[in-house]
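Asks: predicted coordinates and the sequence they were generated for:
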Amino acid sequence: MWTADVALALVLAVCTVSASLDQDAAMKVPQFGVGEPAPPPPGPPAVLVGPTADPRELALAALTALPLIVRRRYPLAAFWAMLGVTLVFGQRSGATGATVYTFLSCVVAAYSAAVHSPRRVPALVGVVLGAVLMAVFHEEYFPYFTPGFVPFLVLLGVGLGANAIHTWQQRVRDLQEQQETATRLAVECERARIARELHDVVTHNVSVMVIQAGAARKVMDAAPDRAREALLAVEAGGRTAMAELRHVMGLLTMDGDSGADPATDAGLAPQPGLAQVTALVDRVRATGVPVELTVTGAPAPLVAGADLAAYRVVQEALTNVVKHAAGSRVRVSVGHTPDAVHVEVSDTGGTAATPAGPGGGRGLLGLRERLAVYGGTLEAGIRPTGGFRVRAVVPVQKPVEGVS
């Protein structure tokens with residue numbers, strides 16, 4: 001498209017300059033009226049000197065079309081530049097044969113401003129103002145057309161109008177496609193968020209329940225008391241899972257117009273945070289996994305989402321230990337500093353209690369996305385001495401001074 005604009009601008013510029021030169025040459029041809037004396041007999045041959053033109057006028061003639069090169073990129077600026085140059089050129093040269101080409105250049109520039117300019121109001125005002133100026137100074141700027149040109153002008157106007165309508169329709173379709181793409185992306189992000197929430201809520205509790213139920217089945221005949229304790233743990237894990245699921249579903253189905261907050265509903269438990277890490281570790285210990293918990297520093301207040309993300313880090317790491325590292329020892333460390341909270345969960349390695357299914361690693365990926373929202377980081381990998389280690393850093397967002 002840029003090449004076509006350059007070609008159009010050059011063609012109109014050359015035609016305008018050529019017409020201006022022809023007008024100058026015609027003005028230099030001597031005219032003799034009836035009854036005037038004949039010219040004197042020719043003398044010795046003289047050197048022919050071609051017609052000369054004012055270089056500034058030729059430069060103005062070229063500049064009446066050259067701004068069309070940027071008519072798509074800067075349509076409004078190109079239109080105003082061409083209109084100003086055309087006004088100056090018309091005042092200097094008057095009505096000449098170049099008027100046709102300057103008029104065509106202004107028509108193309110006005111069309112480009114109306115169609116391609118993102119500033120609709122200035123473009124409309126500029127086109128109307130340009131039309132008014134052309135009408136006021138029509139003798140200098142509006143070319144004379146014979147009646148045979150009228151159908152051509154009508155068809156030209158119809159063609160430009162049809163092309164403008166087509167361009168607007170294409171823009172509308174492009175905007176609709178962009179909106180559909182944005183909506184589809186938002187839906188995919190929401191689905192990923194829901195999947196992440198359900199994974200974090202369900203996987204841990206169900207894994208612990210499976211381990212406890214398996215232990216109860218093995219000792220049911222030999223040690224009924226231990227089987228009873230294991231079944232009580234299964235029941236407690238189920239209740240915890242149901243409470244968190246109700247909370248998640250309440251958030252997903254919350255009606256913004258009703259004013260009800262599911263987090264304050266009496267039937268829903270509050271979202272867990274680092275304050276519930278001790279209870280989480282106790283539930284995992286009840287499955288027979290030796291877990292050591294260390295908390296250092298003075299706890300700093302975290303926003304609810306960051307506090308939940310830090311809790312999910314510990315929960316996901318312990319879930320992976322229960323599922324994939326049976327028989328290992330686990331160490332959980334939570335360090336509070338004025339600037340951040342450091343969470344680390346490491347194990348000594350063990351055997352997988354359940355075979356790895358499809359979608360492995362989704363929990364760690366979801367945790368990394370959770371932490372990134374609050375400026376946190378997550379590192380996970382195999383320890384040099386064996387086992388696995390998960391490290392997370394959650395920044396503490398300090399309150400702004402003067403804001404309570």
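Replies: Ah, there it is. What you see is a predicted model, and the numbers here were worked out from it, not measured in a lab.
Asks: per-residue pLDDT, the residue nearest to Val322 when sequence neighbours are not counted?
Replies: The shortest distance from Val322 to any residue other than its chain neighbours is 5.1 Å, reached at Ser207 (C-beta to C-beta, 6 or more residues apart in numbering). Any C-beta I mention is one placed from the backbone N, CA and C, and that applies to glycine too. What the model reports as pLDDT for Ser207 is 77.
Asks: thought Leu318 was touching Ser207, still the case?
Replies: No: here Ser207 does not reach Leu318: they are 9.0 Å apart, not a contact under C-beta atoms under 8 Å.
Asks: in terms of neighbours, single out the busier of those two.
Replies: Leu318 (27 against 22; other C-beta atoms under 10 Å).
Asks: list the contacts of that one.
Replies: By C-beta atoms under 8 Å, 6 or more residues apart in numbering, the contact set of Leu318 is 204, 280-281, 284, 289, 291, 330, 332, 345.
Asks: so which one among those has the lowest pLDDT?
Replies: His204 (73).
Asks: what's the local residue count around that one?
Replies: 28.
Asks: how about Ser346?
Replies: For Ser346, using other C-beta under 10 Å, the count is 20.
Asks: so who does the residue nearest the centre of the chain touch?
Replies: Geometric centre of the chain, nearest residue: Ala182, 8.7 Å, by C-alpha atoms, centre = their mean. For Ala182, no contacting residues are found, by C-beta under 8 Å, 6+ apart.
Asks: ok, now how distant is Val345 from Arg72?
Replies: 58 Å (C-beta to C-beta, to the nearest Å).
Asks: ditto for Gly335
Replies: 59 Å.
Asks: for Arg228, same thing?
Replies: Taking C-beta to C-beta, one finds Arg228 at 80 Å from Arg72.
Asks: between the two, who's got more neighbours?
Replies: Using other C-beta under 10 Å, the more surrounded residue of Arg228 and Arg72 is Arg72, with 16 against 13.
Asks: in the stretch 201-350 of the chain, which spans are helices?
Replies: 224-252, 277-285, 304-324 (DSSP state H, counting those that start in this stretch).
Asks: now the longest one: buried residues?
Replies: Judged by neighbour count (16 or more other C-beta atoms under 10 Å), helix 224-252 contains these buried residues: 227, 229-231, 233-234, 236-237, 240-241, 243-244, 246-250.
Asks: cool, the last one as well?
Replies: Of the residues in helix 304-324, those buried under the neighbour-count criterion (16+ other C-beta under 10 Å) are 306-324.
Asks: now the strands for the stretch 151-300 of the chain?
Replies: 291-296 (DSSP state E, counting those that start in this stretch).
Asks: which stretches of it have low pLDDT?
Replies: By pLDDT under 70, the weakly predicted segments of the stretch 151-300 of the chain are 151-154, 156-157, 160-161, 164, 250-270.
Asks: and the contacts of stretch 237-244?
Replies: 201-202, 205-206, 208-209, 212, 268-269, 272, 283.
Asks: these: which two are farthest apart?
Replies: Across the contacts of stretch 237-244, the longest distance by C-beta to C-beta is 24.5 Å; it joins Gln212 and Leu268.
Asks: what about those two, which has more around it?
Replies: Applying other C-beta under 10 Å to Gln212 and Leu268 shows that Gln212 carries more neighbours, namely 24 against 18.
Asks: okay but that one is in contact with Arg285, surely?
Replies: No: look at Gln212 against Arg285 with C-beta under 8 Å: they stay out of range, at 11.8 Å.
Asks: all the helices of the stretch 1-150 of the chain, in order from the start?
Replies: 2-27, 55-63, 75-93, 99-116, 120-136, 138-141, 150-219.
Asks: for the fourth one, what is the average pLDDT?
Replies: Across helix 99-116, the average pLDDT comes to 82.
Asks: domain ranges for the chain?
Replies: Under the assignment automatic domain parsing, the domains of the chain span 2-26+52-144, 273-399.
Asks: mind checking which of the ones you listed is nearest Ala223?
Replies: Among the domains of the chain, domain 273-399 sits nearest to Ala223 (C-beta to C-beta), with 13.3 Å.
Asks: okay, now the unreliable bits of the stretch 1-150 of the chain?
Replies: 1, 23-53, 94-97, 137-150.
Asks: at 80 instead, please
Replies: 1-2, 20-54, 56-57, 90-100, 118, 120, 130-131, 133-150 (pLDDT under 80).
Asks: how many neighbouring residues does Pro122 have?
Replies: The burial count for Pro122: 13, using other C-beta under 10 Å.
Asks: go ahead and confirm it touches Pro75.
Replies: No: using C-beta under 8 Å, Pro122 is not in contact with Pro75; the gap is 10.5 Å.
Asks: which helix or which strand is home to Arg389?
Replies: strand 388-395 (DSSP states H and E).
Asks: so what strands line up beside that strand?
Replies: Here strand 388-395 is paired, per DSSP bridges, with strand 340-347 (antiparallel), strand 377-382 (antiparallel).
Asks: okay, those strands in JSON lines with distance to Ala7 next?
Replies: As requested, those are exported to JSON lines (distance: least, C-beta to C-beta, whole Å):
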{"stretch": "strand 340-347", "distance to Ala7": "62"}
{"stretch": "strand 377-382", "distance to Ala7": "55"}
